[in-house]
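A.B. asks: following is a predicted model, sequence given first.
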Amino acid sequence: MDTVSQTQSNNTLSACLQRGQAAVNARNMAEAVVWFEKAVRENPKHAQALACYGQALCWARQRSLGLDNLRKAGALLVKSGRKTGDSRQLLLLAEQLQHWHDYPASLALIKQAVQIKKDVRGFQLLAHTYARLNDNTRALAASQQALRGLPNDAVLNLQHAMLEAKAGLYDEAGARLTRVLQMAAGEEQAFRAHKELAKIHDKQRNYARVFEHLHAAAALAPLLPEVRKQEAGFVYDLLADYTAGFDAELLRRWAGAEWLKQTRAPVFLIGFFRSGTTLAQEVLATHPDVFVSDETDLIVAIKDELNRMSALKDNVTAQLRAAGPEAVRQLREFYWQLVEQRYGDSAARRVFIDKTTMNTFDIGLINAVFPDAKVVFMLRDPRDICLSCYMQVMAPSVSSVHLFGWRSTAELYAGTMRWWLHIQPLLSLDVMTFRYEDGIADFQATFSRVFEFLALEWHAQAGEFYKQAGQKFIASPSFDQVSKPLYATSVGRWRHYAAEFDAVADLLAPYIETFGYSADVE
């Protein structure tokens, strides 16, 4: 290519990237995809163009193709990084891959990055990645490398303490977390340190000290920027609208319609945070005829598509009442198109389980679009659920933000279960209620019933679910727990903290009774 042609090509590429970025800023991902695709066609070996195209595709819910382009960008950045000795762009791309849950590809890039330049950020990210992939030994080693560079950094010490705790080094981890609190760390580091100290005291059976740290973390939570961003009333407004808008007529409108047979329905695995959905997910995923999607936005996408199709905006029940059979068929087809784009044709051909725990909120929408679906609803002792939620650190969202306080945790649980008990009798869906404690007490008998409900044969691999789980990324905070053999220590753990439940007894008592759990504290 001559100099003039090269200049023209570079100008075209630059213009496409600028227009693509403008579309991203305007949150028009469809347009961004168009411009970034043109940039890639102009220069298929331009790392920035490939990365922008891949990221835009992922945001446009074309994750499979998007990740392919991000990986291509990574291969090019490895080559350029080796020449320049600069690994910064490579690490940024690795973080993008992690955002879209491609931890194995991210790990490969980070390994290359730390070979190019042995800097603190590279080792910090390497430690995090190994930890999310359940390789705690390598995570600790990488974290130690990062600490050598910045031994007094609060964030690095917090990360290392968490890895020490996972390795059972509770005294070392506790001492390190205490130092983090003395480092004049920011609110976020102090919040996390208190949460981790609570977990360590729980492991060491220092039960009297656990809530001291949980309440200290709760006091800091309102100061966290990501918590302040959340619209705390959103969930309760949503449930109030759904309670008023969904009735048996709307929910059963298409039940039994012949045209439903033109597309099949998924299985939905739902419940409440920390109710055992991740355990059920991993046991079911061992079956060769099953594909489980892990905490996806597929139903959110259905809701967005319904909003796009309808003249009535931002009112799900009104939109569904106005929708005819053709619109419902279109939504069903849209769902399966997304499944194929994200997971490939083979996922859609198997028994597809959409495990998104808090799809409980949108069970009315699910029923209206998939009245022929099956639902597995996870139950667990409300006290163990609330305790586990309060101890856990979750990314702030409009729903999880309520789990940052003790009473607000119980309020969210009560509000969600009130909604579930209201709508369940109105559903046309085939629902199986599954108690977490039954799965722990009698694993094979209980899970055999789940497999039977899904018209699947029981197979011996199910009992070794943890082997498969330990070899992959799992989105849930329970990722490290389901990579271990079944254990019963999480059942009835609330009893160690019985006195703390006095403050939320009025909220939980109705559901403890309704779901058949003992109110005894002995």
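C.D. replies: Thanks, I have it. Numbering: from 1, shown residues only.

A.B. asks: how about Thr416, what does it touch?
C.D. replies: Taking CB atoms under 8 Å, 6 or more residues apart in numbering, we find Thr416 in contact with Leu239, Phe272, Met358, Thr360, Phe361. Placement of C-beta: from N, CA and C, glycine included.

A.B. asks: need the max-distance pair from those.
C.D. replies: Using CB to CB, the contacts of Thr416 span at most 13.0 Å, a distance reached by Leu239 and Phe272.

A.B. asks: list the ones among the contacts of Thr416 that fall in helices.
C.D. replies: Mapping the contacts of Thr416 onto helices (DSSP state H) picks out Leu239.

A.B. asks: would you convert the contacts of Thr416 into JSON lines that also reports pLDDT, neighbour count and distance to Ala368?
C.D. replies: Below are the contacts of Thr416 laid out as JSON lines (pLDDT from 0 to 100; neighbours: other CB atoms under 10 Å; distance: CB to CB, whole Å):
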{"residue": "Leu239", "pLDDT": "97", "neighbour count": "19", "distance to Ala368": "16"}
{"residue": "Phe272", "pLDDT": "96", "neighbour count": "24", "distance to Ala368": "22"}
{"residue": "Met358", "pLDDT": "94", "neighbour count": "19", "distance to Ala368": "18"}
{"residue": "Thr360", "pLDDT": "97", "neighbour count": "25", "distance to Ala368": "15"}
{"residue": "Phe361", "pLDDT": "97", "neighbour count": "20", "distance to Ala368": "14"}
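
A.B. asks: how about the contacts of Thr416 in JSON lines, adding distance to Leu140?
C.D. replies: Shown next, in JSON lines, are the contacts of Thr416 (distance: CB to CB, whole Å):
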{"residue": "Leu239", "distance to Leu140": "43"}
{"residue": "Phe272", "distance to Leu140": "33"}
{"residue": "Met358", "distance to Leu140": "33"}
{"residue": "Thr360", "distance to Leu140": "37"}
{"residue": "Phe361", "distance to Leu140": "38"}
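
A.B. asks: closest one of the contacts of Thr416 to Arg308?
C.D. replies: Phe361 (20.3 Å).

A.B. asks: quick one: least confident helix or strand in the protein?
C.D. replies: In the chain, the helix or strand scored least confidently by mean pLDDT, DSSP states H and E is helix 465-469, which has a mean of 61.

A.B. asks: quick one, what contacts Tyr207?
C.D. replies: Counting by CB under 8 Å, 6+ apart, Tyr207 touches His201, His496, Tyr497.

A.B. asks: quick one: which of those residues is nearest to His46?
C.D. replies: Of these, the one sitting nearest to His46 (CB to CB) turns out to be His201, at 52.3 Å.

A.B. asks: so Leu387 sits against Gly492, correct?
C.D. replies: No. At 10.3 Å, Leu387 and Gly492 do not qualify as touching, with contact defined as CB atoms under 8 Å.

A.B. asks: Met309 is in contact with Ala327, correct?
C.D. replies: Yes. Between Ala327 and Met309 a contact is recorded at 6.1 Å, counting by CB under 8 Å.

A.B. asks: and the helices in the stretch 251-400 of the chain?
C.D. replies: 277-285, 298-309, 316-322, 325-343, 345-349, 363-369, 382-391 (DSSP state H, counting those that start in this stretch).

A.B. asks: including distance to Leu67, could these go into a markdown table?
C.D. replies: Below are the helices of the stretch 251-400 of the chain laid out as a markdown table (distance: least, CB to CB, whole Å):
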| stretch | distance to Leu67 |
| --- | --- |
| helix 277-285 | 20 |
| helix 298-309 | 17 |
| helix 316-322 | 30 |
| helix 325-343 | 9 |
| helix 345-349 | 15 |
| helix 363-369 | 27 |
| helix 382-391 | 31 |
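
A.B. asks: quick one: closest of the ones you listed to Leu156.
C.D. replies: The closest of the helices of the stretch 251-400 of the chain to Leu156 is helix 382-391. By CB to CB, the value is 23.2 Å.

A.B. asks: show me how far the closest one is from its chain's centre.
C.D. replies: Put simply, helix 382-391 sits 18 Å off its chain's centre (CA atoms, centre = their mean, to the nearest Å).

A.B. asks: next secondary structure after that helix?
C.D. replies: Using DSSP states H and E, the helix or strand that follows helix 382-391 towards the C-terminus is helix 406-423.

A.B. asks: tell me how far that next one lies from the chain's centre.
C.D. replies: 20 Å.

A.B. asks: from the opening residue of stretch 165-175 to its closing one, how far?
C.D. replies: In stretch 165-175, first residue to last residue: 11 Å (CA to CA, to the nearest Å).

A.B. asks: buried residues, it. List them.
C.D. replies: For stretch 165-175, the neighbour count (16 or more other CB atoms under 10 Å) marks Ala165, Leu169, Tyr170, Ala173, Gly174 as buried.

A.B. asks: please identify which of those residues is nearest to Ala141.
C.D. replies: Using CB to CB, these come closest to Ala141 at Leu169, 13.8 Å.
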